[in-house]
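A.B. asks: no sequence on this one, just coordinates:
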């Protein structure tokens, strides 16, 4: 970290939940990141002032397996018990949306939410979750490259609003019971943000404090309707894939496939190794231009991409993830630097040149 830097504390949306301005992502804990190394990462994050940890009941990922779901929460729970650090950190987790990997594909409702909160509390070995998020909308989402063929025409508005009321009622009960401090969304749309806010106001339930969506210099779908929605409804963006799943590190330049990288692991497990559709010819070209821009200004591309998140005209808490301790250490080393105006303008110019590279 930059000498003299002290990580800021911010509140999530309109809630009273105060967290560090950078969040540690834990989606590889228990798969690519063994438990001992995961615990070292949490120690390192806490030493840097990073008190906010994000997980989900479906983690670890790459790949997602039915038999490993919940393991990342268990690893965090073991660390909390071992260190006694529960009062020093804020824990965010999520309920999985419709998935064949869990609940046989059944979508969640209010009753399911109550069951899953208790299951996460047990795995996390705690009596409260600071932020509980809905990982995917039950009605569907354009996230993860589904935007190219997104079709909402089968949605039933009345059914959706009834579902929202049912889920919010369950979440309100959990907040009143002290199991949750606040609630949030993930992979949501601008329409969804507005409707969750309306329904909460109508039934007197807690409002959503945050939305966790993909956001990076290479993927800026959030910048238009969603940006307007979160500003007016007072939600904080918890941005994931801030390095575009590694593209912005420049490690895949020239067709490279580093051993142990996300793309290599995915390919070894029968996947395409294309970083969830991000590793395209256009994406690689754009990433190279961003790496060149960073070098021109004397910046590391990882540090540039992380610092850029904090320049946005809406509330953002970037989630930084690392497979290994050295990777996390490198990201932490760049915290506290502010982007100069000419570099910010350079990023905007590249966005115009590469508006949708994947």
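C.D. replies: That came in fine, so what should we check first? What you see is a predicted model, and the numbers here were worked out from it, not measured in a lab. Residues are numbered from 1 along each chain as shown.

A.B. asks: chain center to stretch 232-242, what's the gap?
C.D. replies: Between the centre of stretch 232-242 and the centre of its host chain there is 9 Å, according to Cα atoms, centre = their mean, to the nearest Å.

A.B. asks: Buried residues, it. List them.
C.D. replies: Residues 233-242 are the ones in stretch 232-242 that count as buried (16 or more other Cβ atoms under 10 Å). Quick note: C-beta positions are derived from backbone N, CA and C, even for glycine.

A.B. asks: and if you look at stretch 341-358?
C.D. replies: In stretch 341-358, counting by 16+ other Cβ under 10 Å, buried: 343, 346-347, 350-351, 354, 357-358.

A.B. asks: And the pLDDT at the residue nearest the centre of the chain?
C.D. replies: Nearest residue to the geometric centre of the chain (Cα atoms, centre = their mean): residue 240, 3.6 Å. pLDDT, residue 240: 98.

A.B. asks: For it, grab phi and psi.
C.D. replies: phi -110, psi 170 (degrees, to the nearest 10).

A.B. asks: nearest spatial neighbour of it, skipping sequence neighbours?
C.D. replies: residue 319 (4.9 Å; Cβ to Cβ, 6 or more residues apart in numbering).

A.B. asks: and if you look at residue 63?
C.D. replies: Nearest one to residue 63, counting by Cβ to Cβ, 6+ apart, is residue 269 at 4.9 Å.

A.B. asks: Please report the distance of that neighbour from residue 190.
C.D. replies: 34 Å (Cβ to Cβ, to the nearest Å).

A.B. asks: residue ranges of the helices in this structure, please?
C.D. replies: 35-47, 71-83, 110-124, 157-176, 190-203, 225-233, 262-268, 281-296, 301-309, 325-333, 341-353 (DSSP state H).

A.B. asks: Which among these is found nearest to residue 55?
C.D. replies: The minimum distance between residue 55 and the helices of the chain falls on helix 71-83, with 5.0 Å, by Cβ to Cβ.

A.B. asks: quick one: average confidence on the closest one?
C.D. replies: 98.

A.B. asks: same check, this time on stretch 51-66
C.D. replies: 95.

A.B. asks: Return the distance of that stretch from the chain's centre.
C.D. replies: The answer for stretch 51-66 is 10 Å, by Cα atoms, centre = their mean.

A.B. asks: tell me which residues in it are buried?
C.D. replies: Result for stretch 51-66 [16+ other Cβ under 10 Å]: buried residues 51-62, 64.

A.B. asks: Now render those as TSV, adding distance to residue 186.
C.D. replies: Below are the buried residues of stretch 51-66 laid out as TSV (distance: Cβ to Cβ, whole Å):
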residue	distance to residue 186
51	20
52	15
53	15
54	10
55	12
56	8
57	12
58	11
59	13
60	17
61	14
62	18
64	15
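
A.B. asks: And the least confident helix or strand in the chain by mean pLDDT, how far out from the chain middle?
C.D. replies: Between all helices and strands in the chain, the lowest mean by mean pLDDT, DSSP states H and E belongs to helix 262-268, at a mean of 78. Centroid separation for helix 262-268 versus its chain: 20 Å, with Cα atoms, centre = their mean.

A.B. asks: Contacts for that helix, please.
C.D. replies: With Cβ atoms under 8 Å, 6 or more residues apart in numbering as the test, helix 262-268 has contacts from 32, 62-63, 245-246, 252, 257-258, 272-275, 279, 323.

A.B. asks: hang on, the earlier thing: of the helices of the chain, flag the one that's most buried.
C.D. replies: helix 301-309 (a mean of 22; mean count of other Cβ atoms under 10 Å).

A.B. asks: any idea of the mean pLDDT for that one?
C.D. replies: Rounded mean pLDDT across helix 301-309 is 98.

A.B. asks: just stretch 335-353 next, same as before
C.D. replies: Per-residue scores along stretch 335-353 average to 97.

A.B. asks: chain center to that stretch: distance?
C.D. replies: With Cα atoms, centre = their mean as the basis, the mean position of stretch 335-353 lies at 22 Å from the chain mean.

A.B. asks: Leaving out chain neighbours, which residue sits closest to residue 143?
C.D. replies: residue 187 (3.9 Å).

A.B. asks: what does residue 320 give?
C.D. replies: Nearest non-adjacent residue to residue 320 (Cβ to Cβ, 6+ apart): residue 331, at 5.2 Å.

A.B. asks: can you tell me how far the one you found sits from residue 287?
C.D. replies: 17 Å.

A.B. asks: Tell me the backbone dihedrals of residue 300, please.
C.D. replies: Torsion angles, degrees, to the nearest 10, at residue 300: phi -80, psi 140.

A.B. asks: Would you check that it makes contact with residue 334?
C.D. replies: Yes. Counting by Cβ atoms under 8 Å, residue 334 is a contact partner of residue 300 at 5.9 Å.

A.B. asks: ok, residue 213 - how many residues close by?
C.D. replies: Residue 213: 22 surrounding residues under other Cβ atoms under 10 Å.

A.B. asks: Next one, pLDDT for it please.
C.D. replies: Value for residue 213, per-residue pLDDT: 98.

A.B. asks: show me the contacts for the nearest residue to residue 161 once chain neighbours are set aside.
C.D. replies: The shortest distance from residue 161 to any non-neighbouring residue, by Cβ to Cβ, 6+ apart, is to residue 199 (6.1 Å). By Cβ under 8 Å, 6+ apart, the contact list for residue 199 reads 161, 164-165, 168, 205.

A.B. asks: Please tabulate those in CSV and include distance to residue 21 and pLDDT as additional columns.
C.D. replies: Shown next, in CSV, are the contacts of residue 199 (distance: Cβ to Cβ, whole Å; pLDDT from 0 to 100):
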residue, distance to residue 21, pLDDT
161, 34, 98
164, 30, 98
165, 33, 98
168, 28, 99
205, 28, 98
